[in-house]
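A.B. asks: predicted model follows, preceded by the sequence.
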Amino acid sequence: MRSLSAHARAMADQTRQSSIDEFQCARCGAVYDVAITRLALRAEYDVICNVCQKVMNEWHGTVGRAYKLKSQPAHA
Ligand SMILES: [Zn+2]
């Protein structure tokens with residue numbers, strides 16, 4: 001006789017990022033979703049706006065920021 005093994009349900013991956021911020025390019029007004037990550041390397045980072053091609057943010061440290069374009073300025 002065979003019983004169903006009650007195998008533990010794998011805990012759902014916590015892929016949901018809790019620290020998502022919103023950032024607006026000061027120059028052109030494009031809006032980005034910013035996911036904060038942790039980097040192993042301390043360095044200087046900057047991010048270029050996809051719309052106006054200007055540096056819209058820069059920082060130093062071990063914090064990574066992944067910018068995802070959310071909405072473009074109306075008058076692009
Ligand atoms: Zn911009």
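C.D. replies: The structure has been received and is ready for your questions.

A.B. asks: which bits of this structure sit near the ion?
C.D. replies: With C-beta under 5 Å from the ion as the criterion, the chain comes near the ion at residues 25, 27, 28, 30, 49, 51, 52. C-beta coordinates here come from the backbone N, C-alpha and C atoms, glycine included.

A.B. asks: swap in 6 Å and give it another go.
C.D. replies: Within the chain, the residues that sit near the ion (C-beta under 6 Å from the ion) are 25, 27, 28, 30, 49, 51, 52, 54, 56.

A.B. asks: would you mind measuring from residue 32 to residue 53?
C.D. replies: 14 Å (C-beta to C-beta, to the nearest Å).

A.B. asks: more crowded one of the two?
C.D. replies: residue 32 (23 against 10; other C-beta atoms under 10 Å).

A.B. asks: can you list the low-confidence ranges for the chain?
C.D. replies: The chain contains residues with pLDDT under 70 at 1-18, 75-76.
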